[in-house]
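Novice: no sequence on hand, only this structure:
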């Protein structure tokens, strides 16, 4: 298995978001995490990605405990082995689109020229040619999401975490982003954890789990 | 990582650039003022050092016998012309190996003198009877600047014969020129020179008063676009930046802005150096070169400030945990508690403590005590401000009748720190203004009303007084020719001779002199005889202040049982000459008296026995004006930056409100109320605390009671508040511009 959450609980102050959630993510699969608003699906993704540390329970990544790592080690993991695409691009507004894509590599110590070169390759791959020097405020929602996708994939992650990646897009732009995301992930044999409440988006996944009241209540395999 | 941080700092878009420029300007102003303060302290010391040679004769080092050195007869006199002090050095060498004072190449021979450039100019433009006749001989050279305390110093070195000078009882035989500065010389009479320690105390308070608003401005500018920065850091954390990397980026940003501010601050300091040198806050202006910096000063500013800025940024980020999902505070923000009043109360209590037990004895102790007290109050106002703001906002929200008042009240109550931050600079400036104006107004009032012609035109020549007011000598009689000469001077209206009362020492209380009533009528400024008296007993001190308060014109002196004939046989104690008050008459009388009775303490007018203290007071007034003029605009800048920052931070919620139909006018009212409510509340507290602190200081240090300030103060406060409202008004048009529908779009 690639990722495993076992009996994890997590609370925001008095509000309990996860109540003993358990889920397994297999290598190379695209897993859709579905559920109604406030069910805890985003919190589950954040715990799996090492952004949040569960109050109880265990998280493992490639056989290694993730929840016991310190903040620096989890940051390194996010930088080197994980990629992220969230509902809002989470782009750094002061940087150009190309610099945003190169950012994980720059943070990892790659030289500027190498990082920018690597980033440039993703622009043509994702149909973003000509947008390299634009800032996030000058991009459309779909363009910003594709830049975020490029940034999520540039460090060749083993796992790509996508939290409502099409939530702010119209259906056409949403489909374009999902097609690119899944196609690139399959091409790279990357595992994808995809949080969504839209069945249309979940349809791109290999398997679905449903989160309700902080628990993973069911798992559904999707025939490809 | 550092190149990336630099890239984000200098090319991070318009907001980042605005923030950078604001911080750079704020730091530049701070650096310039800090350098000016350090240079000011150096200048006081440099000026003080150039007074040292004028203390020759008073210090033991100058009187120690030395092999191979011919002693020099030496006498320093604090002379006066039209309210300005003249340092007069009379000297006579006993041989060719006598020491030479600084600033001149050779000792002047008998009948020769050297003068400072300002003294030369004064001699040239003044009739000789008023000044030049005091210095017999010819000018043989000019004293170099290296020996002059100030560019406008009036100094004259007069050559005399040994026989001539040794005849004057107070001349000393010296073997070396003194290098002991006045403030370190316990035996020096302080007739000439400055109290450098006291001035350093004033300068420390002034520096504190100016630097505090600057620090507020820097802090406000640093918080510009804080939310945006924190979002950016969160995005970086999401893609794997470690907390250390984020801290490093923040520290590089802060250090870059500080380095740029320092680079701008140094030229700014040199630009203001010349005008600063002209402010006579020691009683005399500085040479611009006096305002110099030591290598240590430069290193402290050039290296210390960026390190301090980077450290502050590092610490600030440690307080705010930048999570990959956004910003979370380590500590849940709680409403400010009443304990925030403790530093303010502690500062007031500290000043009050010295009113009970008295001020510390040493100047150093006083410096620490008052700087700590005022510093504590300044910090206390900053700490108490949010609590006061919250308290006022809660009351305002409870009683709100309009949506704008409700919104503003709730927002202020929820985040009083942000509301107070905008006006904190102004609150401190008002405190500083209240203290400065309160103290200065009281000192001016204590110095008495501006002297009338009677006191300013009445010249008094004491024959007995030395530095401690003890009897030194008297003259058996005043030559008739002197009386004739004095009466012949144009503008002289009378001459009165006060005789020494037998068996009464002049330093004892009560009338110590006797005066002929026929003469006393000619000098009405020192009172009149009781009806029917021929001879009256009179207090030759004219009160403790030597008549400065000019109250003796109403005095009625009792009759004394002595005949005019017996009176004429007594030694002469004081000579009083009444004039019409014109400079020509007063200075001609002074010249006549000095030549007739050469003494260490020359004659002076009743109204200006201590012209130095008046001049020092004028210097302090000017300095207080500088503080007010500097701190108020800086506070205004802080307000503008803070209001603009607040609007930018909240453009999204405001935009959403507009989209839901809230008119811009109401948003403007919300923003205006958010500033006006805390401003009125905390400004009132600040002014009240300012006057209280001034009263405590005056009572403890000078045993005086605060005098209500004049209209000038209310004008300053009104101008400050109107300017604040104008600044606020100038930012409001920004509101409609930045809260368009596009601001709701998430990027």
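Specialist: Nice, thanks for sending it over. Source: prediction; values computed, not measured.

Novice: contact residues of chain A facing chain B?
Specialist: In this structure, chain A approaches chain B at residues A:46, A:51-52, A:71-72, A:75-80, A:82, A:84, A:86, A:88-95, A:99, A:103-104, A:106-108, A:112, A:135-137, A:139, A:144, A:151, A:168, judged by C-beta under 8 Å from any C-beta of the partner chain. (Each C-beta comes from the backbone N, C-alpha and C, glycine too.)

Novice: try it again with 6 Å
Specialist: A:51, A:72, A:75, A:78-79, A:84, A:88, A:90, A:92, A:94, A:103-104, A:106-107, A:136-137 (C-beta under 6 Å from any C-beta of the partner chain).

Novice: which of the residues you listed fall within helices?
Specialist: Among those, the members falling in helices are A:72, A:75, A:78-79, A:103-104, A:106-107 (criterion: DSSP state H).

Novice: what about the stretch 201-350 of chain B, any weak spots by pLDDT?
Specialist: Along the stretch 201-350 of chain B, the model assigns pLDDT under 70 to residues B:201-205, B:224-225, B:316-322, B:326-333.

Novice: name the nearest residue to whichever residue of chain A sits closest to chain B, ignoring sequence neighbours.
Specialist: Of the residues in chain A, the one nearest chain B is residue A:79, at a distance of 2.2 Å by C-beta to the nearest C-beta. Closest residue in space to residue A:79, ignoring its immediate chain neighbours: residue B:240 at 2.2 Å, by C-beta to C-beta, 6 or more residues apart in numbering or on different chains.

Novice: tell me the contacts of that neighbour?
Specialist: When contacts are counted by C-beta atoms under 6 Å, 6 or more residues apart in numbering or on different chains, residue B:240 touches A:75, A:78-79, A:104, A:107.

Novice: state the pair within those residues that is farthest apart.
Specialist: When the contacts of residue B:240 are compared pair by pair using C-beta to C-beta, the farthest-apart members prove to be A:75 and A:104, with a separation of 10.9 Å.

Novice: the two: which is more packed in?
Specialist: More neighbours surround residue A:104 than the other of residue A:75 and residue A:104, with 29 against 26 (other C-beta atoms under 10 Å in any protein chain shown).

Novice: shouldn't that one be in contact with residue B:239?
Specialist: Yes. Under the criterion of C-beta atoms under 6 Å, residue A:104 makes contact with residue B:239 at 4.6 Å.

Novice: my guess is residue B:385 is in a helix, correct?
Specialist: Yes. When the secondary structure is assigned by DSSP: H, G, I helix; E, B strand; the rest coil, residue B:385 falls within a helix.

Novice: what's the neighbour count on it?
Specialist: 27.

Novice: quick one: it from chain A, how far?
Specialist: Using C-beta to the nearest C-beta, to the nearest Å, we find residue B:385 at a distance of 29 Å from chain A.

Novice: and that residue, how far from residue B:340?
Specialist: For residue B:385, the distance to residue B:340 under the criterion C-beta to C-beta, to the nearest Å works out to 8 Å.

Novice: helix/strand/coil for the residue nearest the centre of chain A?
Specialist: Taking C-alpha atoms, centre = their mean as the criterion, residue A:161 is the residue nearest the geometric centre of chain A, at 1.7 Å. Classification of residue A:161 by three-state DSSP places it in strand.

Novice: just residue A:24 next, same as before
Specialist: Secondary structure for residue A:24, judged by three-state DSSP, is strand.

Novice: that older thread, verify the stated contact: the residue nearest to the centre of chain A with residue A:85.
Specialist: No. With contacts defined as C-beta under 6 Å, residue A:161 does not count as touching residue A:85, sitting 7.4 Å away.

Novice: I'd like to know which helix or strand in chain A has the lowest mean pLDDT.
Specialist: Ranking every helix and strand in chain A by mean pLDDT, DSSP states H and E puts strand A:215-221 at the bottom, with a mean of 72.

Novice: if we can go back for a sec, between which two of the residues of chain A next to chain B is the distance greatest?
Specialist: When the residues of chain A next to chain B are compared pair by pair using C-beta to C-beta, the farthest-apart members prove to be A:72 and A:137, with a separation of 31.6 Å.

Novice: thought the residue of chain A closest to chain B was touching residue A:104?
Specialist: Yes. Shown here, residue A:79 and residue A:104 form a contact pair, counting by C-beta under 6 Å, at 5.5 Å.

Novice: tell me what the one helix or strand residue B:85 maps to is packed against?
Specialist: Of the helices and strands defined by DSSP states H and E, residue B:85 is found in strand B:84-93. Applying 3 or more C-beta pairs under 6 Å, 6 or more residues apart in numbering or on different chains; DSSP states H and E, we find strand B:84-93 packed against strand B:72-81, strand B:154-159, helix B:162-166.

Novice: what comes up buried for the longest one?
Specialist: In this case it means strand B:72-81. B:72-81 (16 or more other C-beta atoms under 10 Å in any protein chain shown).

Novice: distance between stretch B:1-13 and the chain's centre?
Specialist: In terms of C-alpha atoms, centre = their mean, to the nearest Å, the gap separating the centre of stretch B:1-13 from the centre of its chain is 43 Å.

Novice: and for stretch B:375-382?
Specialist: For stretch B:375-382, the distance between its averaged C-alpha position and the chain's averaged C-alpha position is 20 Å (C-alpha atoms, centre = their mean).

Novice: residue B:459 is in what secondary structure piece?
Specialist: Assignment of secondary structure by DSSP H and E places residue B:459 within strand B:458-462.

Novice: what of residue A:4?
Specialist: Secondary structure assigned from DSSP H and E places residue A:4 in strand A:3-12.

Novice: helices and strands around that strand, which ones?
Specialist: Using 3+ C-beta pairs under 6 Å, 6+ apart: strand A:3-12 touches strand A:15-25, helix A:41-48, strand A:56-61.

Novice: can you pull the phi and psi angles for the closest residue to residue B:237 other than its chain neighbours?
Specialist: The spatial neighbour of residue B:237 that comes closest, neighbours along the chain excluded (C-beta to C-beta, 6+ apart), is residue B:324 at 4.2 Å. As for residue B:324, its main-chain torsions (degrees, to the nearest 10) stand at phi -60, psi -20.

Novice: is residue B:324 in contact with residue A:51, as I believe?
Specialist: Yes. Proximity of residue B:324 to residue A:51 meets the contact threshold set by C-beta under 6 Å, at 4.8 Å.

Novice: got a list of what residue A:86 touches?
Specialist: Counting by C-beta under 6 Å, 6+ apart, residue A:86 makes contact with residue A:163.

Novice: please disregard the earlier target; I meant residue B:700.
Specialist: When the contact criterion is C-beta under 6 Å, 6+ apart, the partners of residue B:700 are B:354-355, B:359.

Novice: pick out the lowest-pLDDT one from those residues.
Specialist: The member of those with the lowest pLDDT is residue B:359, and it reads 80.
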